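How does the following fold in three dimensions:
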Amino acid sequence: MLRKARFMIGRILKMDYKSLFETSKKVSEITGKNRLLVFFDIVYCGLKYKAGYKDYLAFRFYELNASQRDTYITRGRNFEYVTSLNEKDARELLSNKALFLEKFDELSHRKWLFVDENDFEGFKSFYLSVDEFIAKPIHQLSGVGIEFFKTDENDVIEMFEKFTEDDEYVLEEIIKQHPKMSALNPSSVNTIRVVSLRVGDQVEFPFIGIRMGNGSRLDNFNRGGIIARVNIEEGILQTDGVSQDGTVYKCHPATNTEFKGFEIPFYDEVIEMVKWAAVRLPGIGYVGWDIAISEEGPLVIEANDFPSHDLLQFPELLDDDRIGLRPVFDGLIDKMKRGGK
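Numbers count the residues shown, from 1 in each chain. Take a look at the predicted model:
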């Protein structure tokens, strides 16, 4: 109870009230409803369902009744899943990209390096062994701070200084993805977002989707990317794609590849890989995995200890009844607690 109260107080103190009022105005324009009534409905949903104003807009709560609204994993409810399933001291392994890659090096299937300011020779060896690499700040999320670089033997010292002067970085060899995944969008490595829940040695999957870039080398949803939902049993896309602004795509705009019916290569291996990895994270029961597919099979990009809740529940990714994923999450957790029965 104290943890929930702290979360709510924190949200109230840090809330972007200007954006809240702008959201109220936007919904009023969409629906024709009185702006003040919309404002109070957003506030009500925050108190009743722990929904942020971004949840209200993204999930189109203004179209839903109370029963439907109650089925959504909102910002506050997602926080509760994270804090109940992921022990605080264990989360550093996932929030630190270097520690994660060290833990699951055998699943990375690519060259990578944590840049140590005291190891120029190690940096030089990595730098000269690849033609191009991606640099990631080890603690940033959602693609923030990520850059791509081509190597030049004349720039080794300059580049070493760049990556040791302020933030801490992981450098990774560029992945050559499976041709079928490139057929979706060749400009980005298109990853499988696998959400896993674990109780003991049991692992279940409430959501799987494919994230794709759209005019970018990154596939991050909040950087213009597209996501489509995967049929978990079959490994086939079952929905159209959707971007964060709600634009729906039947085909990828860059390739004209149709989403519905697209089959993921090495899908069974993806599932087995994530199951194997999930049970090797003591104290962590809720993870958002990002998996790439090469010609040889799946490889782990990273894992998130605070998975995004919004990209899972855009209306276009749900069934016609617009029921959110909370019943799925709770049902799978309860099933595992009962020993799979």
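
contacts, neighbours, all on C-alpha from now
Will do.

tell me the SS of residue 159?
helix (DSSP: H, G, I helix; E, B strand; the rest coil).

please begin residue numbering at 20 from this point
Okay, residue one is now 20; in that scheme the one you just asked about reads as residue 178.

Could you count how many residues lie near it?
Residue 178 has 16 neighbours, counted by other CA atoms under 10 Å.

quick one: contacts for it?
Contacts of residue 178 were listed using CA atoms under 8 Å, 6 or more residues apart in numbering, and none were found.

For it, report the pLDDT, please.
Per-residue confidence at residue 178 stands at 94 (pLDDT).

if I look at it, how far off is residue 158?
From residue 178 over to residue 158 the distance is 20 Å, taken as CA to CA, to the nearest Å.

try residue 340
38 Å.

Just the element for the closest residue to residue 55 other than its chain neighbours, please.
Nearest residue to residue 55, sequence neighbours excluded (CA to CA, 6 or more residues apart in numbering): residue 43, at 7.6 Å. Using DSSP states H and E, residue 43 sits in helix 36-50.

Using PDB, write out the CA atom coordinates for that helix.
Provided in PDB are the C-alpha atoms of helix 36-50 (Å, rounded to 0.1, in the frame of the first residue of the first chain):
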ATOM      1  CA  TYR A  36       0.000  19.400 -16.500                       C
ATOM      2  CA  LYS A  37       0.400  21.300 -19.800                       C
ATOM      3  CA  SER A  38       0.300  18.000 -21.700                       C
ATOM      4  CA  LEU A  39      -2.600  16.900 -19.600                       C
ATOM      5  CA  PHE A  40      -4.600  19.900 -20.600                       C
ATOM      6  CA  GLU A  41      -3.500  19.500 -24.200                       C
ATOM      7  CA  THR A  42      -4.700  15.900 -24.100                       C
ATOM      8  CA  SER A  43      -8.100  17.000 -22.800                       C
ATOM      9  CA  LYS A  44      -8.400  19.500 -25.600                       C
ATOM     10  CA  LYS A  45      -7.400  16.900 -28.200                       C
ATOM     11  CA  VAL A  46      -9.900  14.300 -26.900                       C
ATOM     12  CA  SER A  47     -12.600  17.000 -26.800                       C
ATOM     13  CA  GLU A  48     -11.900  17.800 -30.500                       C
ATOM     14  CA  ILE A  49     -12.000  14.100 -31.400                       C
ATOM     15  CA  THR A  50     -15.200  13.300 -29.500                       C
END
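
list the buried ones in it?
The neighbour-count check on helix 36-50 (16 or more other CA atoms under 10 Å) flags 39-40, 42-44, 46-47 as buried.

Stretch 60-76 now?
Buried, per 16+ other CA under 10 Å, within stretch 60-76: 60-62, 64-65, 68-76.

Adding secondary structure, write these out as JSON lines.
Shown next, in JSON lines, are these (three-state DSSP):
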{"residue": "60", "secondary structure": "helix"}
{"residue": "61", "secondary structure": "helix"}
{"residue": "62", "secondary structure": "helix"}
{"residue": "64", "secondary structure": "helix"}
{"residue": "65", "secondary structure": "helix"}
{"residue": "68", "secondary structure": "helix"}
{"residue": "69", "secondary structure": "coil"}
{"residue": "70", "secondary structure": "coil"}
{"residue": "71", "secondary structure": "coil"}
{"residue": "72", "secondary structure": "helix"}
{"residue": "73", "secondary structure": "helix"}
{"residue": "74", "secondary structure": "helix"}
{"residue": "75", "secondary structure": "helix"}
{"residue": "76", "secondary structure": "helix"}
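
Show me which of those residues is closest to residue 282.
Comparing the buried residues of stretch 60-76 against residue 282 with CA to CA places residue 74 closest, at 30.2 Å.

show me what contacts the closest one?
80, 93-94, 329.

For the chain, give me the ranges with low pLDDT.
Residues of the chain that meet the criterion pLDDT under 70 lie in 20-34, 161-162, 359-360.

can you give me the strands for it?
Assigned by DSSP state E, the chain shows strands spanning 131-133, 151-156, 166-169, 188-192, 210-218, 221-231, 245-250, 255-256, 260-262, 267-268, 305-312, 317-323.
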